[in-house]
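1. Can you look at this prediction? I've put the sequence above it.
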Amino acid sequence: MPSPLIRDMIDKYHYPVLGSDDIDKFLASHDDVVLFFAENPMNYPESNDVAVVLPELMKVFEGRLTTAVISQTSERELFRRYNFKGWPSLVFVRRGEYLGVISRVQDWHVYIDMIEDILRAEPSAPPAIEIPLVQVQANQ
């Protein structure tokens, strides 16, 4: 269950809550979308901060972005699709294709600059999952 602050944001701004069953249809019907991956605000308190900042960002980018919130029951599954490195995250997609991600809380000007850069970008593959490599040396 999202925090009261996140629930209020969803209700006040009428952001759809998407799960793995309906995300693809939603993304196919919109051009540029920002997906809010909040996770559990008890574990990631910054999620509440992003819930306050996100509607203000959408005012700046009004008409350029559609916003949706990923349901907590689908976040871990959909996380694997985008491979971001931290919670909370804003994942940007264009007609279903990955554009970029902003993780954790940022300064206002950083959000603005990063979103402008992301919206100018061409779709690409999400980052690969990083697996640390360990070198093993044979005994001599």
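-> Sure thing, it's come through. Numbers count the residues shown, from 1 in each chain.

2. quick one: buried residues of the helix or strand bottoming out on mean pLDDT in the chain?
-> Every helix and strand of the chain was ranked by mean pLDDT, DSSP states H and E. The lowest is helix 75-82, at a mean of 94. By neighbour count on 16 or more other CB atoms under 10 Å, the buried set for helix 75-82 is E75, L78, F79, Y82. Placement of C-beta: from N, CA and C, glycine included.

3. likewise stretch 61-73?
-> For stretch 61-73, by 16+ other CB under 10 Å, it's F61, L65, T66, T67, A68, V69, I70, S71, Q72.

4. Kindly indicate which of those residues lies nearest I115.
-> F61 (6.3 Å; CB to CB).

5. Make sure the closest one is actually in contact with I118.
-> No: if you go by CB atoms under 8 Å, F61 and I118 don't touch, sitting 10.4 Å apart.
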